[in-house]
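Asker: Model the structure of this input:
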Amino acid sequence: METSVLHRLAVSWTIALNRYANRDGLELKKMILGMEMLLHNVPKLILMVVTAYIVGILPLTLATWLSFAVIRRYASGLHANNSIVCSVMTIIMFVFLPLALQNVIISHVTLVVAFATFGVSLCLYAPADTLARPIVNKMRRIILKRKSIIACFSLFITTLIFHMDKLSVAILIGVACAISLTLPISYKALKRSMNNYEKYE
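Answerer: As a prediction, this is how the structure comes out:
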């Protein structure tokens, strides 16, 4: 029901905008999809930001979310079944975890071990697709894997350059959450299928 309402809104708003853009065919479909994603995600982002501001950790929440988003962009992974679950998970990952772990002290050795583990995980499992969004093109999978590893390495360098414990913890949480959604154990726990592209080969 919610998806249907969002889709209808996305279509009507995109058609209105398209009076100025004059797109058609595949380009128009991309515009509709982008609008639908925007309508789906903006309320959750607002909820996350407001909650983080209230509890006083907005910078940490944003650092966690951005780190998550950078890895998620290329590594993909599991999605929540519905908006309510997604909203709850958003608050847990980007507000509760940074709040609970903000005073943890991270050593350079811990950072190296953690990011080495993240890199191996990305080499093995990224990008992780879903049944609804299989990554069929082999070259695209290779490119996404490489970009996810580069993104992870870039975040590692960031933690070394700006070695502030709270920032490092926030980045670690974001990367760990993103990678956890690509792991076989997560797919198995939620009874989802991995490597869905194989159905198209």
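
Asker: According to the record, where do the domains of this structure fall?
Answerer: Per automatic domain parsing, the structural domains of the chain span 1-43, 56-200.

Asker: closest to residue 49 out of those?
Answerer: Nearest to residue 49, of all the domains of the chain, is domain 56-200, at 6.7 Å by C-beta to C-beta. In this view, the C-beta of every residue, glycine as well, is placed from N, C-alpha and C.

Asker: in the host helix or strand of residue 143, what's buried?
Answerer: Assessed by DSSP states H and E, residue 143 sits inside helix 138-161. Going by neighbour count (16 or more other C-beta atoms under 10 Å), the buried part of helix 138-161 is 141, 144-145, 147-149, 151-152, 155-156, 158-159.

Asker: in this protein, which helix has the most residues?
Answerer: If each helix of the chain is counted by residues according to DSSP state H, the longest one is helix 25-55.

Asker: Check which element follows that helix along the chain.
Answerer: In the C-terminal direction, the helix or strand that comes right after helix 25-55 (DSSP H and E) is helix 58-75.

Asker: roughly how far apart are the residue nearest the centre of the chain and residue 65?
Answerer: Taking C-alpha atoms, centre = their mean, the centroid of the chain lies closest to residue 72, which sits 3.6 Å from it. Residue 72 sits 10 Å away from residue 65, going by C-beta to C-beta, to the nearest Å.

Asker: got it, and residue 198?
Answerer: Residue 198 sits 32 Å away from residue 65, taking C-beta to C-beta as the criterion.
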